[in-house]
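Q: With the input below, show me the fold.
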Amino acid sequence: MSFLSVKVIPKSGRSELKFEGNLLKVWIKSAPEDGKANDELIRTLAKIFDLPRARIKIVKGKSTKNKLVDIEGISIEEMKKTLA
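A: Sure thing, here's the model as predicted:
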């Protein structure tokens with residue numbers, strides 16, 4: 001289980017992930033309405049880190065840009081290596 005601080009940048013023209021220290025910045029295309037941005041965030045993390053979506057949960061911040069995400073099955077170090 002890895003708890004990860006995530007900052008989401010919605011309504012972006014691109015999908016991108018980048019670590020800044022231990023903060024993961026995620027640019028997504030969806031608007032932050034009706035949970036669309038949260039759904040895209042989970043789909044994006046699952047695809048990039050090759051995990052089932054069921055292993056990724058937003059623990060805190062469902063209605064804000066700053067979130068705490070629980071990701072099972074991968075460490076923060078492994079995530080950084082994947083994105084490098």
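Q: For residue 15, see how far away the residue sitting furthest away from the middle of the chain is.
A: Of all residues in the chain, residue 34 has its C-alpha farthest from the mean position, at 17.3 Å, by CA atoms, centre = their mean. For residue 34, the distance to residue 15 (CB to CB, to the nearest Å) stands at 19 Å. Every residue, glycine included, has its C-beta placed from N, CA and C.
Q: could you say what helices and strands the top helix by length along the chain packs with?
A: As assigned by DSSP state H, the longest helix anywhere in the chain is helix 36-48. With contacts taken as 3 or more CB pairs under 8 Å, 6 or more residues apart in numbering; DSSP states H and E, helix 36-48 sits against strand 2-9, strand 16-20, strand 23-27, strand 56-60, strand 66-71.
Q: Between strand 23-27 and the worst-scoring helix or strand of the chain on mean pLDDT, find me the angle.
A: Of the helices and strands making up the chain, the lowest-confidence element is helix 76-83, at a mean of 89, by mean pLDDT, DSSP states H and E. Helix 76-83 runs at 40 degrees relative to strand 23-27, counting by axes from the mean of the first three to the mean of the last three CA atoms, to 10 degrees.
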